[in-house]
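J.: quick one: sequence and predicted model below, then my questions.
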Number of protein chains: 2
Amino acid sequence: MAEKLLSNYKKLMEKGRGLFILQSAVAVIHWDMETMMPPKAIKLRSQQLATLSRIEHKMSTNPEIGTLLEEIMRHPEYDKLDAVQKRNVYLTKKHYDEQTKLPEELVAEIAKQQAVTVDVWKKAKATKDFSMFKPELEKLVGLKKKAAEILMEVKETATPYDALIDIFEPKMTAETISRVFDELKEGLVSLLRKCENAPKQPDTSIFKRKVPVDVQRKISKALAKFIGYDVESKEAGGRIDETEHPFTTGYYDDVRITTHYYEDNFASSLFSVLHEGGHSIYEQNLNPEWIFQPVGTACSSGFHESQSRFVENIIGRSREFWVYFLPKLKELTGNILSDIDLDTFVHAVNQVKPSKIRVNADEVTYGLHIIVRFNLERDIFADKIMVTELPENWNQSYEDHLGVEIENDSEGVMQDTHWASGLYGYFPSYALGNIYSGQILAAMEKDLSNWRSQIAKGNFNCVKQWLIKNVHSYGNLYDPLDLIKKVTGEELRVKPYLNYLNEKYSKLYGF
Amino acid sequence: MAEKLLSNYKKLMEKGRGLFILQSAVAVIHWDMETMMPPKAIKLRSQQLATLSRIEHKMSTNPEIGTLLEEIMRHPEYDKLDAVQKRNVYLTKKHYDEQTKLPEELVAEIAKQQAVTVDVWKKAKATKDFSMFKPELEKLVGLKKKAAEILMEVKETATPYDALIDIFEPKMTAETISRVFDELKEGLVSLLRKCENAPKQPDTSIFKRKVPVDVQRKISKALAKFIGYDVESKEAGGRIDETEHPFTTGYYDDVRITTHYYEDNFASSLFSVLHEGGHSIYEQNLNPEWIFQPVGTACSSGFHESQSRFVENIIGRSREFWVYFLPKLKELTGNILSDIDLDTFVHAVNQVKPSKIRVNADEVTYGLHIIVRFNLERDIFADKIMVTELPENWNQSYEDHLGVEIENDSEGVMQDTHWASGLYGYFPSYALGNIYSGQILAAMEKDLSNWRSQIAKGNFNCVKQWLIKNVHSYGNLYDPLDLIKKVTGEELRVKPYLNYLNEKYSKLYGF
């Protein structure tokens, strides 16, 4: 292969390497802000983050990257680069184009407006006053539309909203999402009705039993050990710390999760740790040869969510997991849960019940919350509805999809921070993650027919190794729709997820 | 004033601002490495630190800084800048010259050799084998001599060693240090003899009593509260974490200290927390208007040490402090120390006993350890002795100064990491810190004659406010020899420190 091509490729990767290293350092600074930082340091910290972000932007938009990309792509022997090299060039170009084509002024304006909107959102939510939130949200949506129109050109998407979706779920479109969400909705609503009408209903009163935080910390460690996110050994690559909202951050050998312990709701942290644990083993098991390269990142937000939900729900809410873990949980909690039998417990952790708040939703109704948000986002960015109409539309949708009546906007359209934070196009990832996880499960069952009995014995490793081999290690080599095909041999399909749910819940609810 | 001059000055400060912010972020990354980082992440962390250090170097050596400095300094109205502005220009120029005049290749070679030498030092120390350490130390000293010769030109010092001292103690010279250390040595040796020959000797067996680590953590918090380094309130700007070796890091509103708890030596952490606490209140109380400017940093390593030792020794080992704190300590430790009376305890924490290891030395003998090291450093860099002669010279000096016989080089010349780490010119700061602290105490006593009775009541704030006003808030406005004059009205003098020691120890030992 032409030496010049290879040497340019190496130079390009070298430039990217510095950027990935810097970003991984910024992740530590962010983590520290949420977990360890003395409160007084918040102003200094925001100055540090702004400075680092300026340095990052300068490195990302270095014109030398543009020159190298051009020289590489127009080189007559470009086609001789292998698939990984080509993907690295493609992803570098995509990132470079996005970073250079958005006017710095607009980016700064959006950042500023986001900060203002989040601030007002907090106050408006506290006072249940959408009219206070509305003008700032309108400004932010306006700015985001401008950005989306520019990104639409760069990314060559059909609509501005598709350009926003592409940030989180590359190459996914609102059209595809609409199609699969329609099918998802039908399946979920039908299943929800069956659960609601079933004679066998769960008893969830056990979750109100108080479990001291110290005990819950031990439960977290036991869960982390189960999934091989070992925080105690010398060779460990993980941490579990405590924050208001659980999250996962980090890169390869330095991945960290957080949780929140509620003394009177031990199940909350329990499933948080499994959820974040699913994210964390994804990040830890990206192909180690690809560190500091664009291919050495996760595929998409949706795929990330597929992994967290796989561990939280498909594993963590399975009967087999509790065959293994309930005795451990009883041991760790002393006599608090000693009277609970397996069936009661498993049904309780799988209660299906329509609710108003997304973050409290169960596996069956969760998708419906997402569908409501997706429809509204899509219509806002297509100028079919206006910001001012959001509350009415929201409330009607909740009635239609979930049969619940929203009493005020704080439990309605203002419940989530996403829109105030400028995260448009993000919500679909949550439900796509569920859909992917259903397909991944069906594929895994072909290779690993005995996975359930292994989990019942406490062996998660066989599942983990399968996920590493078939999902994690592919990193960002494919866009999500290609990766799902690579993993499962199929196009994006809703059926496997609905099958999984129907099979599980028909047993639990006895219909 | 000429607009151009002021606008250039502002531009210069803006460039420096980014650098200070970046450095404060790097401090967080370093802190995380020592306290929180999963062990597996060490390789990634060293890559992050290397990348950040390259960015820092690039920002420090930006030729625009050189141009701005030139334009500012040759401006006809330069003299109209105020003292703070001039000092900022001076310090920026000094840093810029040092960063740009040292060849990058030499800097990289030194960094590499330091890593190798530290590595070999650890092994050689473990096996008590100086001959293993020697060749690497020789290489490092050789490289440092080269650097020192270049820095001598830049800093216009009389000798290469003075250029190294200047890094830690600006404008200080080996000549001055030799003079004050001779006087210090005489005073310390004479005091040591008196203590050794006194009939009244302390009983230090109490320190062997086991105090659980959990209890020691509470002691730390109580000490932190005493000095106003409050780690528990919402407005707090501090942390106390646990590391192998205690240290202080941070900047203004984000200052953090660490300690090490030994169950069978509770005094170790107790005085560590006071020592690091002294460092921390200095950093926290630099003039807040000077944040991100060169004047908004501490004066020198010696002045830093003067503050840590002031809190650790002058306050923390005073009888009055224990009048206040011994009852608290007894309360916190349950019945572990209930039988100890004040006089026994105060004498025990002030035991004077020659030892071989610097870090375990008491207030009286500590300076002698430093003098040994300073003499050897000075002679090495003046080519009066060779690396190969170090052990012999070290052992003879210990015999002469402290009357102890060194049995092997691990308890001798290889005990400290400084020389392996390339820190030549640093050791004198430790003893200069003590000398400064004596002068500072004498000055404080003029303003605050009742400080001892205030401490006995648990009021450290009057002392702290005096230190803030007279030391901390000056930041880096003066070089140390000028600052000591500003604070005390006097030149550098050893007498006040010796007076303080003599008065204290004659009472304790009854001579």
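T.: Alright, I've got the coordinates. Residues are numbered from 1 along each chain as shown, chains lettered A, B, ... in the order given.
J.: what does the stretch 151-300 of chain A have sitting close to chain B?
T.: Within reach of chain B by Cβ under 8 Å from any Cβ of the partner chain, the stretch 151-300 of chain A has these residues: A:231, A:234-239, A:251-254, A:256. Where C-beta positions appear, they are placed from N, C-alpha and C, glycine not excepted.
J.: give the contact list for A:G296.
T.: A:G296 makes contacts with A:20, A:252, A:286-287, A:289-290, A:475-476, as judged by Cβ atoms under 8 Å, 6 or more residues apart in numbering or on different chains.
J.: nearest to A:V118, of these?
T.: Proximity of the contacts of A:G296 to A:V118 was ranked by Cβ to Cβ; the top entry is A:F20 with 27.7 Å.
J.: picking up where we left off before, buried subset of the contacts of A:G296 as a ChimeraX selection?
T.: Buried members of these, defined by 16 or more other Cβ atoms under 10 Å in any protein chain shown, are picked up in ChimeraX with:
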select /A:20,252,286,287,290,475,476
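J.: returning to that earlier point: now, the most widely separated pair of the residues of the stretch 151-300 of chain A next to chain B?
T.: Using Cβ to Cβ, these reach their maximum pairwise distance at A:K234 and A:Y251, which is 20.4 Å.
J.: who has more neighbours, these two?
T.: Set side by side, A:K234 and A:Y251 show more neighbours around A:Y251, with 23 against 8, by other Cβ atoms under 10 Å in any protein chain shown.
J.: run through the bridge partners of the more buried one.
T.: Following DSSP bridges, A:Y251 is listed with bridge partners A:D254.
J.: you'd agree it is up against A:A25?
T.: No. Between A:Y251 and A:A25 there is no contact, the gap being 9.4 Å when judged by Cβ atoms under 8 Å.
J.: show me chain A divided up by domain.
T.: If you go by automatic domain parsing, the domain ranges for chain A are A:3-156, A:175-509.
J.: and the longest one, average pLDDT?
T.: For domain A:175-509, the mean per-residue pLDDT is 97.
J.: what's the burial count for whichever residue of the stretch 51-200 of chain A sits closest to chain B?
T.: Of all residues in the stretch 51-200 of chain A, A:T51 sits closest to chain B, at 4.4 Å by Cβ to the nearest Cβ. The local packing of A:T51 (other Cβ under 10 Å) involves 19 other residues.
J.: I'd like to know which elements the helix or strand hosting it is packed against.
T.: Here A:T51 sits within helix A:42-60, counting by DSSP states H and E. Where contact means 3 or more Cβ pairs under 8 Å, 6 or more residues apart in numbering or on different chains; DSSP states H and E, helix A:42-60 is packed against helix A:3-35, helix A:83-101, helix B:3-35.
J.: same thing but 10 Å
T.: Under the contact definition 3 or more Cβ pairs under 10 Å, 6 or more residues apart in numbering or on different chains; DSSP states H and E, helix A:42-60 sits against helix A:3-35, helix A:83-101, helix A:104-127, helix B:3-35, helix B:42-60, strand B:248-251, strand B:254-259.
J.: what about the helices in the stretch 301-450 of chain A?
T.: Assigned by DSSP state H, counting those that start in this stretch, the helices in the stretch 301-450 of chain A fall at A:301-309, A:319-332, A:342-348, A:363-381, A:390-402, A:427-447.
J.: redo those as CSV? Include mean neighbour count and distance to A:L492.
T.: As requested, the helices of the stretch 301-450 of chain A are exported to CSV (neighbours: other Cβ atoms under 10 Å in any protein chain shown; distance: least, Cβ to Cβ, whole Å):
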stretch, mean neighbour count, distance to A:L492
helix A:301-309, 26, 10
helix A:319-332, 18, 27
helix A:342-348, 17, 30
helix A:363-381, 23, 15
helix A:390-402, 18, 22
helix A:427-447, 22, 7
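J.: mind checking the ones you listed for the one nearest to chain B?
T.: Nearest of the helices of the stretch 301-450 of chain A to chain B, taken as Cβ to the nearest Cβ: helix A:301-309 at 19.8 Å.
J.: so what's the gap between the closest one and the chain middle?
T.: Relative to its parent chain, helix A:301-309 has a centroid offset of 5 Å by Cα atoms, centre = their mean, to the nearest Å.
J.: kindly report the same for stretch A:6-25.
T.: Remark: stretch A:6-25 is offset 26 Å from the chain centroid, using Cα atoms, centre = their mean.
J.: and that stretch, what's buried?
T.: Neighbour counts over stretch A:6-25 (16+ other Cβ under 10 Å) mark A:6, A:8-9, A:11-13, A:15-16, A:18-25 as buried.
J.: the inter-axis angle of the helix holding A:T51 versus helix A:104-127?
T.: Interaxial angle, helix A:42-60 versus helix A:104-127 (axes from the mean of the first three to the mean of the last three Cα atoms, to 10 degrees): 140 degrees.
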